[in-house]
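[1] Quick one, fold the following:
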Amino acid sequence: MNRVCFNEHRILGLIIFFYRKKCGLSQMKLAEAVGISRTHMSRIETNDCSVSLEVIFAIAKALNIPAMKLFEFRD
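    Predicted coordinates:
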């Protein structure tokens, strides 16, 4: 399974958190929509685990954003 494994992955959790809050979703609601546990969602947002591309695409779909938005970060 492909995993996001690069230095910028540390920002991925923050970006997911930002869009989740922007959508007004709790971790539990987003996790349910994605099909993972709330604990796993928390670990993703705190960059405490690697994330499969399948989960990234599911998160983007649940947030109603293009998956590439999760990788757009600014200096």
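
[2] contacts, neighbours, all on C-alpha from now
    Fine.

[3] Could you check how far residue 44 is from residue 58?
    13 Å (C-alpha to C-alpha, to the nearest Å).

[4] show me what contacts the most centrally placed residue in the chain?
    Central residue of the chain (C-alpha atoms, centre = their mean): residue 16, 4.2 Å from the mean position. Contact analysis of residue 16 by C-alpha atoms under 8 Å, 6 or more residues apart in numbering lists 45, 59, 70.

[5] How about the first one, nearest residue that isn't a chain neighbour?
    Among residues not flanking residue 45 along the chain, residue 13 sits closest, at 3.7 Å (C-alpha to C-alpha, 6 or more residues apart in numbering).

[6] distance between the host helix or strand of the one you found and the chain's centre?
    Assigned by DSSP states H and E, residue 13 belongs to helix 9-22. Distance, stretch centre to chain centre, for helix 9-22: 6 Å (C-alpha atoms, centre = their mean, to the nearest Å).

[7] So that it lines up with my notes, have the first residue be 4 from now on.
    Got it, first residue is 4 now, which makes that one helix 12-25.

[8] higher neighbour count, residue 47 and residue 61?
    A direct count of neighbours by other C-alpha atoms under 10 Å for residue 47 and residue 61 places residue 47 higher, at 22 against 19.

[9] helix or strand for the more buried one, which one?
    Using DSSP H and E, residue 47 sits within helix 41-48.
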